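Visitor: Give the three-dimensional model of this entry:
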Amino acid sequence: MTILNIQHIERSPDVMGGKPHIVGRRISVQNIVVLHLTHNWPIEKIGSELDLEPSQIYAALAYYYDHKSEIDLSIDEAGQRVEKTGTPLLDLLKRAGYTPDRIFQPVDNDPETED
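Guide: Okay, the predicted model is just below:
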């Protein structure tokens with residue numbers, strides 16, 4: 001028997017603070033989980049809004065269930081930041097000059113890594 005390794009999720013210390021994310025994108029597993037499980041977005045909506053394939057979304061959800069306690073803790077910490085500041089993280093990023101296209105852009109287009 002051969003176990004196939006489907007690679008849609010990666011972790012890199014220099015991308016998204018080391019959080020697991022979709023390969024080549026700045027979309028974390030946590031983002032997918034919150035959209036799907038908290039906001040009840042169907043797979044199709046996540047795919048169309050974030051330009052992701054269903055296989056990428058399902059890989060993120062599979063990763064979540066394999067690392068549930070770690071990601072749940074991260075979600076809880078983000079919720080506590082919102083409660084403290086009264087402002088969702090996306091709003092804080094927008095105030096700091098990030099636009100949705102910059103937040104969710106492919107990693108290859110990261111202006112900080114361009115020479």
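Visitor: Okay, now the unreliable bits of the chain?
Guide: For the chain, the stretches with pLDDT under 70 are 82, 86-115.
Visitor: separation between the spatially most central residue of it and residue 8?
Guide: Closest to where the C-alpha atoms of the chain average out (Cα atoms, centre = their mean) is residue 28, at 1.6 Å. Residue 28 sits 13 Å away from residue 8, going by Cβ to Cβ, to the nearest Å. All C-beta spots, glycine's among them, are computed from the backbone N, C-alpha and C.
Visitor: Need the residues touching each of those two.
Guide: residue 22 (Cβ atoms under 8 Å, 6 or more residues apart in numbering).
Visitor: What about residue 25, how many residues nearby?
Guide: 21 (other Cβ atoms under 10 Å).
Visitor: That one pairs with what?
Guide: Taking DSSP bridges as the rule, residue 25 bridges to residue 106.
Visitor: pretty sure residue 19 is in contact with residue 29, am I right?
Guide: Yes: Residue 19 lies in contact with residue 29 (Cβ atoms under 8 Å); the separation is 7.2 Å.
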